[in-house]
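Engineer: need a structure here:
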Amino acid sequence: MRARWKWVLTAKKRNGQPYASSREEAIDFFDRFFGYVSKSDFLTGRDGKWTGCNLGWLMTEAKFSAVIEGNYDNRELEAA
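Structural biologist: Model (predicted):
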């Protein structure tokens, strides 16, 4: 968690803007991050495909990045 906190305060978005430049902005970032996680059917296990999401898993560098990139958005299946 400490590494992700530091990342949020030092990393820049593609447009060059920081993700957060203060403690309050970092807290807001994590509020949005966990709000996103709570909406994901996969990450919460609501879709029944996987139930292994926990704080440790979310805070790994790769999974944290995947969440931010939107890899766990709910997607409607297209009709074939």
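Engineer: Around Ser38, how many other residues sit close by?
Structural biologist: Neighbours of Ser38 under the rule other CB atoms under 10 Å: 9. Backbone N, C-alpha and C define where each C-beta goes, glycine included.
Engineer: Buried residues of the helix or strand containing it, list them for me.
Structural biologist: Mapping Ser38 onto the secondary structure by DSSP states H and E places it in helix 23-39. Residues of helix 23-39 classed as buried: Ala26, Phe29, Phe33, Val37 (neighbour count, 16 or more other CB atoms under 10 Å).
Engineer: Which pLDDT value goes with Glu78?
Structural biologist: pLDDT recorded at Glu78 is 52.
Engineer: er, Ala20 I mean
Structural biologist: Reported pLDDT for Ala20: 97.
Engineer: ok, the closest residue to it other than its chain neighbours to Asn71 distance?
Structural biologist: Nearest residue to Ala20 in three dimensions, chain neighbours excluded: Ala26, at 4.0 Å (CB to CB, 6 or more residues apart in numbering). Per CB to CB, to the nearest Å, Ala26 is found 22 Å from Asn71.
Engineer: do Phe42 as well
Structural biologist: Taking CB to CB as the measure, Phe42 falls 9 Å from Asn71.
Engineer: More neighbours: the two, which one.
Structural biologist: Shown here are Phe42 and Asn71; by other CB under 10 Å, Phe42 has more neighbours (18 against 12).
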